[in-house]
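Novice: A structural model of the following input is requested.
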Amino acid sequence: MRNYRTLNELEADYFHKNPREIDTYLTEIFNEYAIDADSAALLASLRVIAKVKGISALAEQTGMSRQGLQKALSNKGNPRLDSINSIMHALGYRLMPKKNRLNPD
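Specialist: Here you go, the predicted structure:
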């Protein structure tokens with residue numbers, strides 16, 4: 001019987017080997033979220049990056065428990081904005097507004 005890897009495992013492996021690609025990936029997942037508002041897809045992508053960076057270390061940096069971080073980024077997670085902000089800050093990023101090119105008002 002073959003042991004198949006999941007897409008998330010393949011993504012995590014890729015980002016372990018290519019950490020410079022994380023910046024572009026994060027930009028893309030937030031751009032897609034701005035268009036489709038698919039929070040499950042955004043959380044799944046953030047979960048991959050959290051695994052690459054280390055869940056325990058990230059939890060410590062955010063002040064969340066390991067289980068709390070995993071729950072926030074789970075498929076059924078509904079994290080508060082301050083939790084997402086803490087996670088992004090721990091990853092070395094910050095949430096910032098960006099003018100929507102499609103709606104220049």
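Novice: Count the residues that sit near Arg20.
Specialist: 7 (other C-beta atoms under 10 Å). Glycine gets a C-beta too; all of them are placed from N, C-alpha and C.
Novice: what's the answer for Lys17, then?
Specialist: Lys17: 9 neighbours (other C-beta under 10 Å).
Novice: Same check on Leu73?
Specialist: 24.
Novice: Distance check, the closest residue to it other than its chain neighbours against Ala41.
Specialist: In space, and not counting its chain neighbours, Leu73 is closest to Arg47: 4.2 Å by C-beta to C-beta, 6 or more residues apart in numbering. Distance of Arg47 to Ala41, computed by C-beta to C-beta, to the nearest Å: 11 Å.
Novice: Between these two, which is the more surrounded one?
Specialist: Arg47 (21 against 13).
Novice: What segments of this protein are helices?
Specialist: Taking DSSP state H, the helices of the chain run over residues 7-17, 22-36, 39-53, 55-62, 66-72, 81-90.
Novice: Please report how far Ala12 lies from Ile29.
Specialist: When Ala12 is compared with Ile29 (using C-beta to C-beta), they lie 14 Å apart.
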